[in-house]
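Chemist: Return atomic coordinates for the entry below.
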Amino acid sequence: MTTLAALSTEQKKINCVWIGNGLINCQSAFNILSWISCGWTVTIYKHPAPQMGADVSALFHDSAQDAFKSPRITEENLSVVSLADALETATPVMPTTRALLRRWIGDMGVGYTSYAIGDLTKSFIAGTRAGIVLDLKIGPSPHVHAYPAAPFTSTFVSFSRPGAFSVENQCLGSLNIEVSNAYGRFFDPSVSGLEDSTFDQQTNAEAVFGAITSKHQLAFSQMKSKSTDVKTKDSQQWEFFELGNTKNSGPFRVYQKPGYFNWKQGEYLEARRENLVLVANELKRDHGSAKNGRVPALFKHDSKFYLDVLQPLVHEAIKDLQLTIADIDKKIEEGKK
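Modeler: Next up, the predicted model:
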């Protein structure tokens with residue numbers, strides 16, 4: 001059996017989507033650099049476009065800048081692409097999706113448009129490029145090196161969270177461009193139903209988010225034998241604990257509570273707090289909260305990079321999470337007065 005570890009770095013491609021003007025925080029940086037440590041390359045599709053001539057490090061929070069002093073991070077394994085540029089040239093598949101995205105990015109900043117752009121872009125990139133599209137909250141699981149490569153190289157993979165009834169669009173794609181294009185052909189016809197979507201009201205926007213996920217699920221199911229839910233494939237063999245006592249399975253580790261979504265951050269403080277506490281506790285369990293010489297099994301092959309870069313970065317992520325939790329506590333307490 002050929003494993004993911006046995007594939008060349010050129011084959012193992014992660015594509016991420018970053019919509020908005022903010023910086024990539026330490027936790028997301030930790031996930032990105034963890035993929036690179038595990039032998040994958042990462043491309044970030046960004047909108048608005050990065051500043052002309054800016055180094056990729058300019059997208060990351062100050063606390064992550066030391067990581068870019070390591071020779072391990074190169075232009076070959078970490079790059080950024082303007083989403084607008086990626087949409088400029090017509091693609092062999094997904095013309096309807098491309099046209100809608102080009103229209104939507106002109107409405108950036110209107111209501112919840114950025115979240116919808118992010119969700120639709122994930123399917124567009126997954127259907128027009130080789131590689132696995134991942135949310136920034138997803139890192140490699142303890143099993144990523146030993147996991148079989150065949151689902152990635154011959155089928156279209158996606159991922160169902162614990163408690164989910166079907167795959168979600170936080171993970172989707174194929175290392176085989178022909179399979180990627182096949183997904184695009186199934187997905188694209190359904191997009192015409194989104195052309196009149198509005199994002200000024202939360203309820204309208206939530207309906208769009210759900211619709212995009214449903215369209216992904218439909219395209220995934222239409223591929224039949226050419227699609228694989230990597231959580232359910234031989235799930236007992238690839239099982240591990242994630243976020244406390246939640247069991248997960250497969251090559252991906254999701255640093256987010258099942259059922260919690262990023263667009264809930266402003267409106268649902270208690271849910272956001274619960275999610276952040278779970279993530280902080282998980283990071284502390286795996287990496288400690290102070291410098292130490294213990295290297296998790298996942299990074300044993302690259303222990304120097306882990307100790308010099310990843311461990312300090314994850315400790316900064318824990319501090320950031322704790323500060324945010326404290327700020328939310330203040331807001332919740334003020335709301336009770």
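Chemist: so how far is Val309 from Pro71?
Modeler: Using C-beta to C-beta, to the nearest Å, Pro71 is found at 11 Å from Val309. For glycine as for every other residue, the C-beta is placed from the backbone atoms N, C-alpha and C.
Chemist: distance between the strand or helix carrying Leu276 and the chain's centre?
Modeler: Applying DSSP states H and E as the criterion places Leu276 in helix 269-287. In terms of C-alpha atoms, centre = their mean, to the nearest Å, the centre of helix 269-287 is found 17 Å from the chain centre.
Chemist: Now do that helix: which elements does it pack against?
Modeler: Here helix 269-287 touches helix 311-336, going by 3 or more C-beta pairs under 8 Å, 6 or more residues apart in numbering; DSSP states H and E.
Chemist: Could you find the closest non-adjacent residue to the most centrally placed residue in the chain?
Modeler: What sits nearest the mean C-alpha location of the chain, by C-alpha atoms, centre = their mean, is Asp135, with 1.2 Å. Leaving aside its sequence neighbours, Asp135 sits nearest to Gln170 (C-beta to C-beta, 6 or more residues apart in numbering; 4.3 Å).
Chemist: Contact partners for the one you found?
Modeler: Listed by C-beta atoms under 8 Å, 6 or more residues apart in numbering, the contact set of Gln170 reads Lys122, Leu134, Asp135, Lys137, Ile138, Phe159, Arg161, Val254.
Chemist: Report the contact partners of the second one.
Modeler: Going back to what we said before, that points to Leu134. Taking C-beta under 8 Å, 6+ apart, we find Leu134 in contact with Ile14, Asn15, Cys16, Gln170, Cys171, Phe252.
Chemist: please redo it, this time with the cut-off set to 10 Å
Modeler: With contacts defined as C-beta atoms under 10 Å, 6 or more residues apart in numbering, Leu134 is in contact with 14-17, 31-32, 35, 40, 42, 122, 140, 159, 170-173, 252, 254.
Chemist: Now, of those, which are buried?
Modeler: With burial judged by 16 or more other C-beta atoms under 10 Å, the buried subset of the contacts of Leu134 is 14-17, 31-32, 35, 40, 42, 122, 140, 159, 170-173, 252, 254.
Chemist: All set now, cheers.
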